[in-house]
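Structure, please.
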Amino acid sequence: MGAVNAPAPDQAPAPAPTVLPRRIAHLDMDAFFASVELLRYPQLQGLPVVIGGSRHTPEDEAALIARWGGLEQIPLEAFPRLAGYVGRGVITTATYPARQFGVGSAMGMMKAARLCPQAILLPIDFVRYRTYSRRFKEVILSLAPVMEDRGVDEVYIDFTAVPGGQEEGGRALAARIQQAIHAETGLTCSVGVAPNKLLAKMASEFQKPRGISIVQPQDLEQLIWPLACRKINGIGPKADARLKALGITTIGDLAACSLPFLVQHFGKSYGAWLHAAAHGQDERPVVTESEPVSMSRETTFERDLHAVQDKAELGAIFTRLCERVAEDLVRKGYAGRTIGIKLRYADFRSVTRDMSLDHFTQDAAAIRRAAGLCLKRVPLQQRIRLLGVRVGALVAWENGAPRDADEVPVASQRSRPSDPFTAPLF
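Predicted coordinates:
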């Protein structure tokens, strides 16, 4: 009878891998468009400057250089001021000195002119802004490869497993990124580092400009709960008003509410999200590859409007929504060919209509023409509480053509002489 082999002695189990605490950063460039312009016009440092209105052109720049010998040589008195501005233009961004007067992004330029008439007005140069956007993002990727692009001037970064990402809660890596961006571009940024994207975005606002703010899980009560509910990305003015009506003004107040209470007042999905957000919970990953499917703008009216009785007001709002969608497309470098509208009636029923163009566009007038045709296909007898405009089927777009060489380049149409912005709609 053969010998029986003795069982092998038990091997020691392999040590469990170390699970690092999650550290997510939100990086936001400081007054990005304005700061890029100050690199071009260093003589404007420390002055109130707003960006908006007209578009910068190479021809205009060449003319200025021919006249003054260099952009940095232009005397301060030669720059246009906001004082006396008349028009429908909107502020794209403003320097921090201008913000001290109450001027901010998305503000009408006529209102900004009343608040800060001495502010210098510069045209918009999206081509230059996108160039600097690519440059600062390339710097980030060289130091931290897991980055989520959130627009021309902000990103999320996963610090968790990156060298220095755990050191001082992420402060060491944030400082290295700040320094590298400034060395490469001359621009500054602010960084918030926290256990998740929700808290990181709030933290990036704590010490602007050039700030680094660290939030740890145990900091929730001290750093987050005293803040207003609007500081949570996802609580808009309407939800905030409903919260205030319930006596809920701070995130701490919101955290003290039970889940059933929030679900009762805000619905199952949004109520559950409010409860989680107030407790600093957010499991969303940093997504490295993401392209927008569509871009839209919508507004809920303070009072329900009627297509006949409030025709002029609705028409102006509709035009502005189309302009803002176009601005978003240009700023983020996209064009689309599916144009749609959304209406919500006073009884909360919603309708949508869309149409596809035979060309891609990011032009406000072209968007308004198509959206106006969609609007004519919906019943307008009832009062309207919400109006929205959407552009879909997007492609990356640069200098009047798709950025991807595989796309068929079709130039966007420009405004027609008949002034489509004032064409009747209702």
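
buried residues in the host helix or strand of residue 177?
Applying DSSP states H and E as the criterion places residue 177 in helix 171-185. Using 16 or more other CB atoms under 10 Å as the test for burial, helix 171-185 gives 172-174, 177-178, 181, 185. Just so you know, the C-beta spots here come from the backbone N, C-alpha and C atoms, and that holds for glycine as well.

Distance from the chain centre to it, please.
How far helix 171-185 lies from its chain's middle: 22 Å, per CA atoms, centre = their mean, to the nearest Å.

Mind checking the pLDDT average for whichever helix or strand comes after that helix?
Per DSSP H and E, helix 171-185 leads on to strand 189-194 as the next helix or strand towards the C-terminus. Mean pLDDT, strand 189-194: 97.

Point out the other helices and strands that strand 189-194 packs with.
On a contact count with 3 or more CB pairs under 8 Å, 6 or more residues apart in numbering; DSSP states H and E, strand 189-194 meets strand 24-29, helix 171-185, helix 197-203, strand 212-214.

buried sites along that strand?
For strand 189-194, burial by neighbour count (16+ other CB under 10 Å) applies to 189-194.

circling back to that earlier point, among the helices and strands packed on strand 189-194, which is nearest residue 136?
Across the helices and strands packed on strand 189-194, residue 136 has its closest neighbour in helix 171-185 (5.0 Å, CB to CB).

now the angle between strand 24-29 and the closest one, please.
30 degrees (axes from the mean of the first three to the mean of the last three CA atoms, to 10 degrees).

OK, contacts around residue 188?
29-30, 35, 178, 181-182, 209-210 (CB atoms under 8 Å, 6 or more residues apart in numbering).

swap that for residue 128, please
36, 40, 56.

Give the helix, strand or coil label for the first one.
Right, the one you point to is residue 36. Secondary structure for residue 36, judged by DSSP: H, G, I helix; E, B strand; the rest coil, is helix.

and residue 210, how many residues sit next to it?
By the measure other CB atoms under 10 Å, the count of residues near residue 210 is 12.

which SS state does it fall under?
coil.

how near is it to residue 39?
Going from residue 210 to residue 39 by CB to CB, to the nearest Å gives 16 Å.

Show me the shaky parts of the stretch 301-426 of the chain.
Across the stretch 301-426 of the chain, the ranges flagged by pLDDT under 70 are 399-426.

can you pull out the strands in it?
For the stretch 301-426 of the chain, the strands defined by DSSP state E, counting those that start in this stretch cover 334-345, 350-361, 384-392, 395-398, 401-402.

still on that earlier bit, determine which two of the contacts of residue 188 are furthest apart.
Pairwise distances across the contacts of residue 188 (CB to CB) peak at 13.6 Å, for the pair 35 and 178.

Could you check the pLDDT of the residue nearest the centre of the chain?
Per CA atoms, centre = their mean, the C-alpha nearest to the average position across the chain is that of residue 151, at 6.1 Å. With respect to pLDDT, residue 151 has a value of 84.

ok, the spatially closest residue to it that is not a sequence neighbour - contacts?
Leaving aside its sequence neighbours, residue 151 sits nearest to residue 332 (CB to CB, 6 or more residues apart in numbering; 6.2 Å). Residue 332 is in contact with 151-152, 292, 295, counting by CB under 8 Å, 6+ apart.

wait, isn't residue 92 in contact with residue 105?
Yes - counting by CB atoms under 8 Å, residue 92 touches residue 105, with 6.5 Å between them.

Could you check which of the two is surrounded by more residues?
A count of neighbours by other CB under 10 Å puts residue 92 above the other of residue 92 and residue 105, at 23 against 16.

host element of the more buried one?
Element membership for residue 92 (DSSP H and E) is strand 91-94.

mean confidence score for that strand?
On average, strand 91-94 scores 88.

For the stretch 51-200 of the chain, just list every one of the helices.
For the stretch 51-200 of the chain, helices defined by DSSP state H, counting those that start in this stretch occupy the ranges 58-68, 96-99, 109-115, 126-143, 171-185, 197-203.

Deepest in the core, which of these is it.
Highest mean neighbour count of the helices of the stretch 51-200 of the chain: helix 197-203, a mean of 24 (counted as mean count of other CB atoms under 10 Å).

Does anything pack onto that one? Which helices or strands?
Helix 197-203 packs on strand 24-29, strand 189-194, going by 3+ CB pairs under 8 Å, 6+ apart.

Just want the angle from the first one to strand 189-194.
Orientation of strand 24-29 against strand 189-194 (the same axes, to 10 degrees) gives an angle of 160 degrees.

What strands line up against strand 24-29, and which way round?
The pairing partners recorded for strand 24-29 under DSSP bridges are strand 154-158 (antiparallel), strand 189-194 (antiparallel).

Of those strands, which is nearest residue 137?
Per CB to CB, nearest to residue 137 of the strands paired with strand 24-29: strand 154-158, 6.4 Å.

circling back: distance to residue 319 for the strands of the stretch 301-426 of the chain - can I get that in JSON lines?
What follows is those, written out as JSON lines (distance: least, CB to CB, whole Å):
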{"stretch": "strand 334-345", "distance to residue 319": "13"}
{"stretch": "strand 350-361", "distance to residue 319": "16"}
{"stretch": "strand 384-392", "distance to residue 319": "10"}
{"stretch": "strand 395-398", "distance to residue 319": "22"}
{"stretch": "strand 401-402", "distance to residue 319": "27"}
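
and of these, who's closest to residue 73?
Of the strands of the stretch 301-426 of the chain, the one closest to residue 73 (CB to CB) turns out to be strand 395-398, at 30.4 Å.

by contact count, what packs against the closest one?
Short answer (3+ CB pairs under 8 Å, 6+ apart): strand 395-398 packs on strand 334-345.

Show me which residues of the strand it packs on are buried.
Quick answer for strand 334-345 (16+ other CB under 10 Å): 334-345.

One more: stretch 388-402?
388-392, 394-395, 397, 401-402.

mind putting the buried residues of strand 334-345 in a markdown table, distance to residue 116 included?
Output for those, formatted as a markdown table (distance: CB to CB, whole Å):
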| residue | distance to residue 116 |
| --- | --- |
| 334 | 32 |
| 335 | 34 |
| 336 | 35 |
| 337 | 39 |
| 338 | 39 |
| 339 | 36 |
| 340 | 37 |
| 341 | 35 |
| 342 | 35 |
| 343 | 37 |
| 344 | 36 |
| 345 | 40 |
